[in-house]
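Colleague: Have a look at this prediction, sequence included:
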Amino acid sequence: METAEIRRRWLTFFQAKGHTVVPSAPLIHEDPTLLFVNAGMVPFKPYFSGQETAPFDRATSVQKCVRTGDIDEVGKTSRHGTFFQMNGNFSFGDYFKREAITFAWQLLTTPQPEGGYGLDPERLWATVYEDDDEAEQLWLEITSIPAERIVRRGKADNYWHMGVPGPGGPCSEIFYDRGEEYGVDGGPAVDEDRFMEIWNLVFMQYELSQVRSKTDFDIAGPLPAQSVDTGMGLERMASILQGVDNMYEIDEVYPVLEKAAEMTGRNYGASSGQTAGDSHPDDVHLRVVADHIRSSLMLIGDGVTPGNEGRGYVLRRMLRRAVRAMRLLGYDEPALPHLMPVSMERMSASYPELRTGFDRIAQIAYAEEQAFRRTLASGTTILDTAVSKTKQGGGDTLAGAQAFALHDTYGFPIDLTLEMAAEQGLKVDRDGFVRLMDEQRQRAKADAKAKKGGQANTEVWKDLRSLGATDWRAYDELTTTGSVVGLVRDGARVEELEPGQTGEVVLDRTSFYAESGGQVADSGVIVVDGARLLVRDVQRPVKGLVVHTVEVADGPVRVGTDASAEVDPQWRIDACQAHSGTHVVHAALRQVLGPSALQSGSYNKPGYLRLDFAWNQGLSADTRAEIEHVANLAVRDDLSVSADWMTLPEARDRGALALFGETYGEQVRVVEIGGEWSRELCGGTHVRHSSQIGALTLTGESSVGSGVRRLEAFVGMNALAHLATERALVAELSAIVKAPSVDLPERVGELVARLRQVEKELDTVRREQVAASAGSLTDQTREVAGVTFIGQHIAGGSPDDLRQMVTDTRARLGEERPSVVALTGDGPGKPVIVVATNESARTKGVKAGALVRVAAQVLGGGGGGKDDLAQGGGQDVTKVEDALSAIERELGA
């Protein structure tokens, strides 16, 4: 049974049981504690935690998920994968344990011709929480599982909570016995390779007040309404129903593995055991490729782009691990153009948007591979230098800090460092590397804990939200009247804010726009019973609640008093210009470059906008001018701007662009400019006609990551001010060069050409002077401990000059006697020293690199190089003669 069919049967079954089918949320979720959605219940957390009221009693979904905590274990076991799909059925105060167990048993054991999965009941086991007698009795009553196949387990295995105070409860897991060829008998407590967990039923029945760890928490009491959260791993079920050993061999993953094996000439499975844990290293590499290619496809599809932190870093790491695995398998050419389309073909059966957006996805992925290939080249050079320095110092082990810097700064894999260092006869201080990696992980954990702590602090907002949602009027009004329903200071509710204090204010009604969708929050004031509060920020810490960060100019302000929320009108006008301008630039960009140039992020504030988009090369001046021209034509044409609410499927049917990384509800707002010319899902504020944007001028275009470019622009009065500044600059330049503005390019070009010619002539004169100085160097020899030594300072000598002079002089001295030539210069304004030795000197143990280090220390710097030629430098140009004397003393020692 294909994975897509397993998915379809799940949704069909639960829809027939009265569940609302909820589409998968994007992998990027609004939850601040998560990089990615990592469980099927994440989109439903607000309902389970009581932040919001669920719009349905029963729901079902197949949720896209990514977990990367065990990324290094991918391919080594049958359980670890980064991207997976979680089938879930959920009850919000409706059914509980009996129905959850009944549904699971029916779907699992109903024969396939009748719409079920047709699993053999004799192969199924169940686990229950250690004191959950009710669940055990229900398994015995509803199913044919005997008591000996129902296992009681403790909190570590069979109790669930969100890691913060809130709902929790015991869970019951279903395991499938894959047979004796996969391990020893005895149930899931003995062997979880043979006994594979396929479904977890969580029974939320308690309110937890303190959560200190997975197994250490306090139960405050029963929940007012019991709920159910279940999850069945789609890939695990597919591996069972398709009769394969692990998730890497199912129909959505294996074609990529098969293609990688074909490209590398490897025979997958030929030298491996039955389980993934008994795999040949080649098979592990092939699984890494298959897993990471699919995960990268899904992440880019949901709007993630490679970067150096957060989500972007995770994506970058997976793409590079896939490329690295192909390299270890002997494939050195670009691999992603062959592998990514294979994954798209398989995954698009369930996610058709991957096919329509594949040009953009491929562009980003392929650009990242090219960047990594360049990194490998530069990293190899850096590694070679580190190896050389280690050898010169007499060491046989590359420092862990150097390996970590290669890994952390340049993205150079540690296994590649180990391999290449070994090829040059060095070990790597892996313990030191691991220690630094652990320190980095601890910092990341501390950051995650801080984020989770921030989530815990939302309890105050949840309390205020329970009083009712904010009546939000930002689309229609600039001033609203209402009352103060809550005040917060330093994370705690207070009854009063005094003059000079900063805090948060919650009103029952507001006209202030809360920051979202790339648009900054409104500015303005809140007037409360004679007090005046300056609004510095506006956010939505929980859905439905608008919170104003204010500075109390005069007051005090108290809970329960009447309030007038007054948005700065000019601020709002300028903000509308910027946000509508962003849509216009996006539409112009797609008109000029094509539909694959999709926005991947934006930021707009009054008078300014920036827009990030998927593109793998810089834009020419002509292309930028064309985009600006198309955008200003749209402004001139006074296109109508409208906003309508509709369902998400209706919006997609109309061709509205859903921007990556945004989470949308059942009803979405579609903003159109000129009808279908620009049609996007958007929650921002906008002008009524495009002409109200005013002037629009692009000010910059740059790279912000692999395959991602950024356009910046001014709009309205800021655009006019920018143009006026440029006009004044042109006028000033015209006056300086005494030429009209139309002739400036030619005139400035002539001046630059003349300047370059003069610089060239001066350089020629300087080189002639240096050469004249070099001609007499052989007359300056002196004997030092049996070595012919020349040590001279060349005024104005650059590093290039000195290298040429020392090698020429060394050649003139010949090989009859040991010779050392050391020259200092100050061409770049700082002292530089270059030393050359001939073969006879090196035979005596005289090495240029060692001599340079002695001299560079005197100069206050460093240096190094090979035994025959080395270079160094420093900070103190007055010490050049002392540096030469230091070399002479070293030779005589």
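Modeller: Yes, it's here.

Colleague: Quickly find the element holding residue 514.
Modeller: Assignment of secondary structure by DSSP states H and E places residue 514 within no helix or strand.

Colleague: what's near enough to touch it?
Modeller: Applying C-beta atoms under 8 Å, 6 or more residues apart in numbering, we find residue 514 in contact with 472, 474, 521, 538, 539, 540, 546, 547. Every C-beta, even on glycine, is put in place using the N, C-alpha and C of the backbone.

Colleague: The first one pairs with what?
Modeller: In this entry, residue 472 is beta-bridged to residue 510, by DSSP bridges.

Colleague: Now do it against residue 544, distance only.
Modeller: 9 Å (C-beta to C-beta, to the nearest Å).

Colleague: Mind checking which of these two has more residues around it?
Modeller: residue 472 (19 against 15; other C-beta atoms under 10 Å).

Colleague: In strands only, show me the contacts of residue 514.
Modeller: Secondary-structure check on those using DSSP state E: residues within strands are 472, 538, 539, 547.

Colleague: tell me the contacts of the third one?
Modeller: Spelled out, that is residue 539. Taking C-beta under 8 Å, 6+ apart, we find residue 539 in contact with 514, 515, 521, 546, 547, 549.

Colleague: So what pairs up with it in the strands?
Modeller: Residue 539 forms beta bridges with residue 547, as assigned by DSSP bridges.

Colleague: OK, contacts around the residue most central in space within the chain?
Modeller: The centre of the chain sits closest to residue 312, judged by C-alpha atoms, centre = their mean, with a distance of 1.6 Å. The neighbourhood of residue 312, defined by C-beta under 8 Å, 6+ apart, consists of 304, 305, 306, 705.

Colleague: The contacts of residue 539, buried ones only, as a ChimeraX selection?
Modeller: Here is the ChimeraX command that selects only those of the contacts of residue 539 that count as buried (16 or more other C-beta atoms under 10 Å):
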select :514,521,546,547,549
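
Colleague: Could you dump the contacts of residue 539 into CSV with distance to residue 439 and pLDDT added?
Modeller: Output for the contacts of residue 539, formatted as CSV (distance: C-beta to C-beta, whole Å; pLDDT from 0 to 100):
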residue, distance to residue 439, pLDDT
514, 38, 95
515, 34, 94
521, 37, 96
546, 40, 96
547, 36, 96
549, 35, 95
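
Colleague: what's the closest of the contacts of residue 539 to residue 607?
Modeller: Each of these was scored against residue 607 by C-beta to C-beta, and residue 521 proved nearest at 15.4 Å.

Colleague: nearest spatial neighbour of that closest one, skipping sequence neighbours?
Modeller: Beyond its immediate neighbours in the sequence, the residue positioned closest to residue 521 (C-beta to C-beta, 6 or more residues apart in numbering) is residue 538, lying 3.8 Å away.

Colleague: repeat for residue 433
Modeller: Taking C-beta to C-beta, 6+ apart as the measure, residue 433 lies nearest to residue 400, with 4.1 Å between them; neighbours along the chain are not counted.

Colleague: quick one: that neighbour from residue 439, how far?
Modeller: Distance from residue 400 to residue 439, by C-beta to C-beta: 11 Å.

Colleague: For whatever helix or strand residue 526 lives in, buried residues please.
Modeller: Residue 526 is located in strand 524-528, with elements delineated by DSSP H and E. Of all the residues in strand 524-528, those buried under the rule 16+ other C-beta under 10 Å are 524, 525, 526, 527, 528.

Colleague: pLDDT on it, on average?
Modeller: Here the mean pLDDT over strand 524-528 is 96, rounded to a whole number.

Colleague: Distance from the chain centre to the helix or strand hosting residue 12, please.
Modeller: Secondary-structure element containing residue 12, defined by DSSP H and E: helix 3-16. Average the C-alpha atoms of helix 3-16, do the same for its chain, and the two points are 32 Å apart (C-alpha atoms, centre = their mean, to the nearest Å).
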